[in-house]
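Engineer: predicted model and sequence follow; I will ask about them next.
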Amino acid sequence: MLEKVRSRDPAVFEASAAVLANLRERRAVPDLAAALTEKGERALPAAWALGMIGDPAAIPPLAASLASPNHDLRKAAVRALVRLGPPVEEEVARVWRETPGPAPERAVIRVMGEIRAGGAVPRLLAAMPENRDAAVWALGRINDKTAAASVREAMDDPRWQVRREAAQALGSLGDRTDIPRLRRALSDRETVVREWAARSLITLSGGDILYRDEDGKMVPPYNLYH
């Protein structure tokens, strides 16, 4: 099976990578890592397999893939790195420092938020304007109280995507002094912002909260756990 993972046939490669991933076969890591640098069809299954195998040796090539021009490969690398967990933080941070641009930064932010990397907070606060929504989301996931002021400021951002993530993050930060701010957000012009404000108000107050949906009806927010 180790020989088959060197196949140039995408179907053979994907099948063998899946078997080796399920076996957690670390000897396959070098060949899988090499496939990450290709433009063909082998890169995505290679990223998935490396995440499943869980060998720390896969961290540098996966982190490097966060800077790939291939959107799908960046997403696959994010998922694999998140599966590998907190040990990826240092290498992912290095890629962030050395690779400018909104696309790699957004991929890095996703990883840092998912693994709740507290060391990433300063860079998240200074994220590119294009990625402010992702940065605010990550700050909520990390739940670092020193970032609360920036999250509150984001509630007034002209972009609804940023306001949505800020409304969600305030619920995660858990400060009841944000209840008035979230109540004001129940009048936001965007439905999804109103819904997340209601959801966070439920988290902070413990009470039943309704918001105005896109049809103008007062309804409870959808339960994400159903």
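Structural biologist: Noted; the coordinates are in hand.
Engineer: the spatially most central residue of the chain: what's it in contact with?
Structural biologist: The centroid of the chain falls nearest to Arg110 when counting by Cα atoms, centre = their mean (2.5 Å). Contact analysis of Arg110 by Cβ atoms under 8 Å, 6 or more residues apart in numbering lists 78, 82, 134, 138. In this view, the C-beta of every residue, glycine as well, is placed from N, C-alpha and C.
Engineer: would you map the helices across this protein?
Structural biologist: Along the chain, the stretches classed as helices by DSSP state H are 10-22, 29-35, 43-53, 59-64, 71-84, 89-98, 102-114, 121-125, 132-142, 148-154, 160-173, 179-185, 191-205.
Engineer: tell me the average confidence for the fourth one?
Structural biologist: Confidence over helix 59-64, taken as the mean pLDDT, stands at 98.
Engineer: so which elements touch that helix?
Structural biologist: With contacts taken as 3 or more Cβ pairs under 8 Å, 6 or more residues apart in numbering; DSSP states H and E, helix 59-64 sits against helix 43-53, helix 71-84, helix 89-98.
Engineer: and Glu190, which of the ones you listed is closest to it?
Structural biologist: Among the helices and strands packed on helix 59-64, the nearest to Glu190 by Cβ to Cβ is helix 71-84 (25.5 Å).
Engineer: in the closest one, what's buried?
Structural biologist: Buried positions in helix 71-84, judged by neighbour count with 16 or more other Cβ atoms under 10 Å: 73-78, 80-84.
Engineer: try stretch 108-118
Structural biologist: 108-115, 117.
Engineer: which of those sits closest to Gly206?
Structural biologist: The shortest gap between Gly206 and any of those belongs to Gly113, at 25.8 Å (Cβ to Cβ).
Engineer: can you redo the buried residues of stretch 108-118 as CSV with pLDDT and distance to Thr191?
Structural biologist: Shown next, in CSV, are the buried residues of stretch 108-118 (pLDDT from 0 to 100; distance: Cβ to Cβ, whole Å):
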residue, pLDDT, distance to Thr191
Val108, 98, 30
Ile109, 98, 25
Arg110, 98, 24
Val111, 98, 29
Met112, 98, 29
Gly113, 98, 24
Glu114, 98, 26
Ile115, 98, 31
Ala117, 97, 32
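Engineer: about what we covered before: nearest to Ala63 among the contacts of Arg110?
Structural biologist: For the contacts of Arg110, the residue nearest Ala63 by Cβ to Cβ is Val78; the value is 10.2 Å.
Engineer: isn't the closest one up against Ile109?
Structural biologist: No. Val78 is beyond contact range of Ile109, at 9.6 Å (criterion: Cβ atoms under 8 Å).
Engineer: of the helices of the chain, which is nearest Lys217?
Structural biologist: Among the helices of the chain, helix 191-205 comes nearest to Lys217, with 11.0 Å by Cβ to Cβ.
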